[in-house]
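J.: What follows is a protein structure lacking sequence information:
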DNA sequence: AGGATTACTTAGGAATCAACAG
DNA sequence: CTGTTGATTCCTAAGTAATCCT
């Protein structure tokens, strides 16, 4: 080897070794100050290594919720009027039911039956012999015990509460964080789910079933090979320890109700989740560029010779226009009967050639995710209407509306139209674009901050309505509305009084033009102005509240609205970001707060 | 190809916390 | 200071969609 070659080799080796150092320094000294770029660079980096989500992952495993503490001897369970001492396992399950006694769930037959079935399975043979009917079980004393215990906890002294808080903080500190690629990151759900009775939403066939306690033997740990592997609690073992860096979860277990997996994952504030979130909105922005083409195509497909294509085109139209969910098929009898677009049945829509002065109206009425009702009357294009008539012909109410379509077929089609496009992207896209348009239309630059916030909430509300994000009217709604009205009335009265006083003061000024009278007029004027402002603010509040009664704004804000739209709006109109994003939201959207200027356009 | 499994996002309600009025 | 109320945080169920498996 010639000295020259050796030199060249050393030269390259030297720089190869230096590369990580250079990279580190670069990111440290250059990118941190210009943090706007940080996310961009990181994303670029991630794209190159396919499937690998991290290089280093170290954590302590899940925090296991405390074991069951038996009831004191004087708290009794009664069967058929007679006290009955239960075995520990049976007693624990009894407490699950007892705790829920004043919840609506326990009045439902399915809940009762499922509970009783599962409970009996865990009883000793002797208990099984005695306890044969749920309605002979008396849990009242146990119920009262827990109610009292709750009260007692609330009534604890400041110091005692502080102590409990400190203990919780200690657990959070120990189990609530992990090390991911050298950064300490917050974990989302670091505790195992406690045992209890399954609370499904809507008409769930499994409500009331026993949700078993998770033990270390059920848990799979995922971490990096060279990290400090978490210790299972003493006397226990993990089900498995694996080192899979193509997934983002830290631990998982199989839940016994649906036999599905549960995961311990990172908090939304983490870099990993933030990048994913950002990516999601970038995909939606790409849809913006091609959506016109896609719309033109599905409109053309309404007239296709193939039934399959027509169904696809009509379904996509619904997903686009009404922001419906995709609607995967689900196993019958395992979950509540809910549907999305592709799984709509004939019974879920009604067709009206004419309704309330509109033509070709489709009336939707079905239960969607979480058994939330979707009810809407929409006037559609004539070909859509004709197609729906065709799809419904010779079908029973319980038949699929789109019998030749599934989410898999639809998504395969979408994938061809745009890289990364799936049905749910339309929801993200339509939500974000609606917010941007509504903000443009509703914001008045002359308004006060409070007025601008009302506009923001209204824009947010338009999105929530589009996405059908509902909530049950808060229990205290009527009362708090009344309180607000009382306040408004009081303010009005004050205002009238101030008005009168001002007039009087002005009269007096006309009468004796001295400095004192002049000052008085000015004072009264100021007071009047202030009261007017306060009244306006209260009225705004009342409007906002009423309009928000059954609408949940949080879900769209957290999941569908590109935070950069909101941040740009704040910057443009001088509204502090804290007014629209609370602490958690600011943490989740740190990536966006970092990179957004006032001229950002979705 | 298509059903099953896995991984991850989205969702509303309950529990808890903080702010405010009385 | 204390109880009420609204806001925030926690919890975990219920979706979507990718991937695995046969």
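T.: Cool, the structure landed. Everything numeric in this text was worked out from a predicted model, so none of it was measured. Numbering: from 1, shown residues only, chains lettered A, B, ... in the order given.
J.: thought residue A:317 was touching residue A:384?
T.: Yes - using CB atoms under 8 Å, residue A:317 is in contact with residue A:384, at 6.2 Å. Glycine gets a C-beta too; all of them are placed from N, C-alpha and C.
J.: what sits in contact with each of these two?
T.: residue A:302 (CB atoms under 8 Å, 6 or more residues apart in numbering).
J.: just checking, residue A:302 touches residue A:316?
T.: No - counting by CB under 8 Å, residue A:302 stays clear of residue A:316, with 10.2 Å between them.
J.: Who has more neighbours out of the two?
T.: Legend: neighbour count by other CB atoms under 10 Å for residue A:302 and residue A:316, higher for residue A:316 (24 against 17).
J.: I'd say the more buried one and residue A:300 touch.
T.: No - counting by CB under 8 Å, residue A:316 sits too far from residue A:300 to count as a contact (11.9 Å).
J.: so for whichever strand or helix holds residue A:159, what's the average pLDDT?
T.: Following DSSP states H and E, one finds residue A:159 within helix A:158-175. Model confidence over helix A:158-175, given as mean pLDDT, is 87.
J.: mind listing what the helix or strand following it pairs with, with the direction of each?
T.: Sequence order places strand A:177-180 as the next helix or strand after helix A:158-175, per DSSP H and E. Strand A:177-180 pairs in its sheet with strand A:57-58 (antiparallel), strand A:183-186 (antiparallel), by DSSP bridges.
J.: Any idea which of those gets closest to residue A:98?
T.: Among these, strand A:183-186 comes nearest to residue A:98, with 35.0 Å by CB to CB.
J.: What residues of the closest one count as buried?
T.: Within strand A:183-186, the residues that count as buried by 16 or more other CB atoms under 10 Å are A:185-186.
J.: tell me what the next helix or strand after it is packed against?
T.: Going down the chain from strand A:183-186, the next helix or strand is strand A:196-197, by DSSP H and E. Counting contacts by 3 or more CB pairs under 8 Å, 6 or more residues apart in numbering; DSSP states H and E, strand A:196-197 is packed against helix A:88-99, strand A:210-211.
J.: DNA strand C contacts on the stretch 501-602 of chain A?
T.: Contacts of the stretch 501-602 of chain A with DNA strand C, taken as CB under 7 Å from any atom of the strand, map to A:554, A:582-585.
J.: Any of these buried? List them.
T.: The buried subset of these - by 16+ other CB under 10 Å - is residue A:585.
J.: Nearest to residue A:54 among the residues of the stretch 501-602 of chain A next to DNA strand C?
T.: Of all these, residue A:54 sits closest to residue A:584, with 23.5 Å by CB to CB.
J.: Pretty sure that closest one sits in a helix.
T.: Yes - Residue A:584: assigned to a helix according to DSSP: H, G, I helix; E, B strand; the rest coil.
J.: residue contacts, it?
T.: Residue A:584 touches residue A:269, counting by CB under 8 Å, 6+ apart.
J.: What ranges does the stretch 451-600 of chain A have for its helices?
T.: A:477-511, A:515-548, A:554-559, A:563-573, A:583-588, A:590-595 (DSSP state H, counting those that start in this stretch).
J.: give the contact list for residue A:58.
T.: Contact analysis of residue A:58 by CB under 8 Å, 6+ apart lists A:178-179, A:223-224, A:227-228.
J.: For the residues you listed, could you give me JSON lines that also reports distance to DNA strand C and neighbour count?
T.: Putting the contacts of residue A:58 into JSON lines (distance: CB to the nearest atom of the strand, whole Å; neighbours: other CB atoms under 10 Å) gives the following:
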{"residue": "A:178", "distance to DNA strand C": "16", "neighbour count": "26"}
{"residue": "A:179", "distance to DNA strand C": "20", "neighbour count": "17"}
{"residue": "A:223", "distance to DNA strand C": "20", "neighbour count": "25"}
{"residue": "A:224", "distance to DNA strand C": "19", "neighbour count": "19"}
{"residue": "A:227", "distance to DNA strand C": "23", "neighbour count": "14"}
{"residue": "A:228", "distance to DNA strand C": "24", "neighbour count": "11"}
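J.: I'd like those written out as TSV, with pLDDT added.
T.: What follows is these, written out as TSV (pLDDT from 0 to 100):
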residue	pLDDT
A:178	96
A:179	96
A:223	97
A:224	95
A:227	93
A:228	95
